[in-house]
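# Mind folding the following:
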Amino acid sequence: MSPFLADLRKLVGNSLLMLPAATGCVFDDEGRLLVARHAGQGVWAPPGGGIDPDERPEHAVVRELREELAVDIEVRGLIGVYGGPEFRTTYPNGHQVSYVNAVYGCALTGGTITPDGEEIIEARFATEAELKALSMPAWAPQVLPQVFAWWRERWSA
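Purely as a prediction, here's the structure:
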């Protein structure tokens with residue numbers, strides 16, 4: 001949790017907050033999507049996280065992937081901005097959040113995928129079909145088909 005959010009939580013407790021977030025949809029050369037299993041809830045999703053005050057969303061996604069997976073990425077484009085009831089989460093500590101999520105298409109440029117062990121406990125590349133067997137967040141059916149369509153339109157051979 002960022003210092004900004006920790007200070008805010010001291011004031012509002014577990015009350016619902018609407019927060020900006022950024023997600024990095026990193027594709028390999030075979031068109032597989034990098035997904036990470038998140039600690040606590042155990043769901044698989046493309047990595048990302050909260051946007052700090054005064055931080056540009058595209059910089060937040062680069063920072064989050066470096067922090068969570070020790071990789072460097074290149075942001076190749078904005079896929080879309082999403083929100084709604086599927087993006088509402090209650091964390092194990094009781095904190096309630098409704099995210100507005102900027103989802104970016106990205107490419108891996110450096111580093112070795114290494115989960116931080118705190119937020120992310122496992123990571124791998126998966127095809128669109130393989131994702132159906134994984135436990136995913138409620139927003140996945142709304143967003144991931146658009147993510148794969150974005151990749152196919154721009155980068156598939």
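# C-alpha from now on. contacts and neighbour counts both.
Will do.
# Look up phi and psi at K132.
K132 adopts backbone torsions of phi -60, psi -20, taken as degrees, to the nearest 10.
# Please identify the buried residues of the longest helix along the chain?
Longest helix in the chain by number of residues (criterion: DSSP state H): helix 140-154. Residues of helix 140-154 classed as buried by neighbour count (16 or more other CA atoms under 10 Å): 140, 144, 147-148, 150-151.
# tell me which of the residues you listed is nearest to V103?
V147 (8.3 Å; CA to CA).
# same for the strand of greatest length in the chain, what does it pack against?
When the chain is parsed with DSSP state E, its longest strand is strand 96-111. With contacts taken as 3 or more CA pairs under 8 Å, 6 or more residues apart in numbering; DSSP states H and E, strand 96-111 sits against strand 17-27, helix 57-69, strand 71-82, strand 88-90, helix 140-154.
# cutoff 7 Å now
strand 17-27, strand 71-82, strand 88-90 (3 or more CA pairs under 7 Å, 6 or more residues apart in numbering; DSSP states H and E).
# Highest mean neighbour count out of the ones you listed?
Greatest average neighbour count among the helices and strands packed on strand 96-111 goes to strand 17-27 (a mean of 22), per mean count of other CA atoms under 10 Å.
# Done for today, thanks.
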